[in-house]
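*Asks:* structure for this input, please:
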Amino acid sequence: MATGSHREDDDKKDLDPQGDGQSVGVPADGQLEGNSFNPLGNPGMRHWQASYIDKSGLEDRGNIFFAAVEMTRMPMVVTDPRQPDNPIVFVNRAFLDLTLYEEEDVIGRNCRMLQGPQTDPATVAEIRKAIAEERAVAHDILNYKADGTPFWNALYLGPIFDQEGHLLYFFASQMDVTERRATEQSSMQAQKMEAIGQLTAGMAHDFNNLLQVINGNLELALLGIGGNPNAGEPIRRAQRAAMKAGKLTQQLLTFARKQRLEPRRVNLNSLLVEFSEMLVRTLGDKVELHLDLKPGLPYCTLDPTHLEMALLNVLINARDAMPQGGKVKVGTSLLRHGGGDGSHVVICVIDEGEGMTPEVMRRATEPFFTTKGPGTGLGLAMVHGFVQQSRGRLEINSAPGAGTTVRMVFPVADGAADAPGSAPAPAATAEEEAARPRILVVEDNEDVRELAETMLGAAGYAVVSASSGERALELLDGEKNIDLLFTDVIMPGGMNGLQLAERVRERRPDTPILITTGYMEELPSSTGPTQPLGVLSKPYRQEELLSRVRAILPGVS
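*Replies:* Presented below is the predicted three-dimensional model:
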């Protein structure tokens, strides 16, 4: 941290005399005194960092400058380092307004009275060092008002000397910058979360491909060993671990708002009633569940399965916050705006648990942040991602000993028809052929591509494969009897799976298309009126792939 210049440096500067030499100042000359908020918007050139006066008394209070000091809205303080413990000897009325103290309560006391339990010791040490060196300093410091309310104080402190250079006073100006600090922290948090989200989404494609190869080959290995139970059980354990890893990836993708959602019109009241038995089982015997549902709640459009997962995560947190038991209320309500029309529906979870400190609450939706020993720290991160991807917002209010309230706010459905799901409608091929149906597999990852070829080939399908969209189009031009296009979405190069699907629809509008992906923020349900677009999530199991393919190509058993 920078501080004001040393005394020997001041002697080398061109000083600024005022009042026929009654006072002389040391100009800032663009030198910063620290990291405090700068109301000038720049380092400043002409304001003083130190001053020399020829009258040391504080008794002359009948001039215009004293009136100006009392009229300004900037809090000001003068301390006397010649007395023990550098006590306050003057404060203006703005200081009293800021701190809520009375004048008789502060005169004669050291400024440390404004410090409290969360004041940074390192900041205090830097200020004390500057005072000891008789230098100017500027710093943001967390102070406390007379009633205990914390506030961020942009403090500027500078020395005042007599004409012989002896230290007389320290002058300090202050400013409440709590709102600015909160805005900066929110902005930094948003940027950090966005960066984490981008990193998560970028890793997901490759990670899902690895899981696909692991899980698919485990399936093939299980089929290859026949009914040998001793060899089969380790493979099944590895399969379960791989599927858990896949679920973990999906949680991360939900946080990153890159999860594949299948929204439809739902009524939160109906969903809660149907889901209440699961909620009771989740909370256990020690926790009492109360439902408070607003009648006549309008529909909203969201993915009910992901909403249930989000609600379970919130309730698990509520249960864990009440180790001795208690009550949890789950309610619904309608937010009305200016015109009186309800535009948002709310699902609210209120517990009587331990509550969160402001620091914990600020970080509650960060991935991998947890106050539980064995926790993953993805619960509220997933909830936050799902709510945002559903065009809603997540609100958390909590305090130590006062419980926690979590509100998920969603826009009311606009009356449009239910959003289509991802399940493809059965579609006939362009030409029924006596030979085995031919499937074009498009996948840039060699291991995943070979795995898909093996799975489909073992089920009786003829497989043609390509490592890119461009190569796939070349094969389509040369192969007339392609009965199904099975393509990955994310592929390097100039053409991804969705663009490939569009090109195929232009050339072969009757050819069914099944796409697969580990993540995608938005996937259209169709690329045109002719055919729906089926979506298979990665990592997929062999039976899931074959089930989807057989729905499109029912000719192979």
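
*Asks:* flag every buried residue along the longest strand that the chain contains.
*Replies:* In the chain, assigned by DSSP state E, the strand with the most residues is strand 150-162. Applying a neighbour-count criterion of 16 or more other Cβ atoms under 10 Å, one finds 151-161 buried in strand 150-162. C-beta coordinates here come from the backbone N, C-alpha and C atoms, glycine included.

*Asks:* which one of the residues you listed sits closest to residue 113?
*Replies:* residue 153 (12.7 Å; Cβ to Cβ).

*Asks:* what's the distance between the residue nearest to that closest one when sequence neighbours are not counted and residue 518?
*Replies:* In space, and not counting its chain neighbours, residue 153 is closest to residue 143: 4.4 Å by Cβ to Cβ, 6 or more residues apart in numbering. According to Cβ to Cβ, to the nearest Å, residue 143 and residue 518 sit 50 Å apart.

*Asks:* who has more neighbours out of these two?
*Replies:* residue 518 (27 against 24; other Cβ atoms under 10 Å).

*Asks:* check which helix or strand covers the closest residue to that one other than its chain neighbours.
*Replies:* What sits nearest to residue 518 in space, not counting adjacent residues and going by Cβ to Cβ, 6+ apart, is residue 208, at 3.1 Å. According to DSSP states H and E, residue 208 maps onto helix 178-224.

*Asks:* now that helix: average pLDDT?
*Replies:* Averaging pLDDT along helix 178-224 yields 72.

*Asks:* kindly report the same for stretch 458-472.
*Replies:* 87.

*Asks:* what does stretch 94-103 give?
*Replies:* 93.

*Asks:* give me the contacts around it.
*Replies:* 72-77, 91, 106, 114, 143, 145-147, 149, 151, 174, 176 (Cβ atoms under 8 Å, 6 or more residues apart in numbering).

*Asks:* now that stretch: how far from the chain's centre is it?
*Replies:* Chain-centre distance of stretch 94-103: 38 Å, with Cα atoms, centre = their mean, to the nearest Å.

*Asks:* likewise stretch 276-294?
*Replies:* 28 Å.

*Asks:* and it, what's its mean pLDDT?
*Replies:* Stretch 276-294 comes out at a mean pLDDT of 83.

*Asks:* quick one: end-to-end distance for it.
*Replies:* End-to-end span of stretch 276-294 (Cα to Cα, to the nearest Å): 16 Å.

*Asks:* and that stretch, what's buried?
*Replies:* Result for stretch 276-294 [16+ other Cβ under 10 Å]: buried residues 279, 282-283, 287, 293.

*Asks:* how about the residues you listed in JSON lines, adding secondary structure?
*Replies:* Shown next, in JSON lines, are those (DSSP: H, G, I helix; E, B strand; the rest coil):
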{"residue": "279", "secondary structure": "helix"}
{"residue": "282", "secondary structure": "helix"}
{"residue": "283", "secondary structure": "helix"}
{"residue": "287", "secondary structure": "strand"}
{"residue": "293", "secondary structure": "coil"}
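
*Asks:* and those, which is closest to residue 399?
*Replies:* Using Cβ to Cβ, the buried residues of stretch 276-294 come closest to residue 399 at residue 287, 20.1 Å.

*Asks:* you'd agree that closest one is up against residue 324?
*Replies:* No. Counting by Cβ atoms under 8 Å, residue 287 does not reach residue 324; the two are 9.9 Å apart.

*Asks:* distance of residue 84 from residue 161?
*Replies:* Distance from residue 84 to residue 161, by Cβ to Cβ: 20 Å.

*Asks:* swap in residue 153?
*Replies:* With Cβ to Cβ as the criterion, residue 153 and residue 161 are 25 Å apart.

*Asks:* one more: residue 173?
*Replies:* For residue 173 relative to residue 161 (Cβ to Cβ), the value is 18 Å.

*Asks:* same check on residue 402?
*Replies:* Relative to residue 161, and taking Cβ to Cβ, residue 402 is found at 51 Å.

*Asks:* residue 464: which element?
*Replies:* Using DSSP H and E, residue 464 falls in strand 462-466.

*Asks:* give the buried residues for that strand.
*Replies:* Buried-residue list, strand 462-466, by 16+ other Cβ under 10 Å: 463-466.

*Asks:* angle of the next helix or strand after it against strand 462-466?
*Replies:* Counting by DSSP H and E, the next helix or strand C-terminal to strand 462-466 is helix 469-478. Comparing the axes of helix 469-478 and strand 462-466 via axes from the mean of the first three to the mean of the last three Cα atoms, to 10 degrees yields an angle of 140 degrees.

*Asks:* only the buried residues of helix 469-478, if you could.
*Replies:* Here helix 469-478 shows 469, 472-473, 476 as buried, counting by 16+ other Cβ under 10 Å.

*Asks:* do the same with stretch 396-415
*Replies:* 396, 398, 403-404, 406-413.

*Asks:* chain center to it: distance?
*Replies:* Using Cα atoms, centre = their mean, the offset of stretch 396-415 from its chain centre is 16 Å.

*Asks:* and what of stretch 329-339?
*Replies:* 24 Å.

*Asks:* tell me where the stretch 451-557 of the chain has helices.
*Replies:* Using DSSP state H, counting those that start in this stretch, the helices of the stretch 451-557 of the chain run over 469-478, 497-507, 542-552.

*Asks:* residue 453: which of the ones you listed is closest?
*Replies:* helix 542-552 (11.4 Å).

*Asks:* what's that closest one packed up against?
*Replies:* When contacts are defined as 3 or more Cβ pairs under 8 Å, 6 or more residues apart in numbering; DSSP states H and E, helix 542-552 packs onto helix 178-224, helix 446-458, strand 484-488, strand 513-517, strand 534-537.

*Asks:* could I get the ones you listed as TSV with distance to residue 320 and mean neighbour count?
*Replies:* TSV is the format used below for those (distance: least, Cβ to Cβ, whole Å; neighbours: other Cβ atoms under 10 Å):
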stretch	distance to residue 320	mean neighbour count
helix 178-224	23	16
helix 446-458	38	18
strand 484-488	39	24
strand 513-517	34	24
strand 534-537	30	20
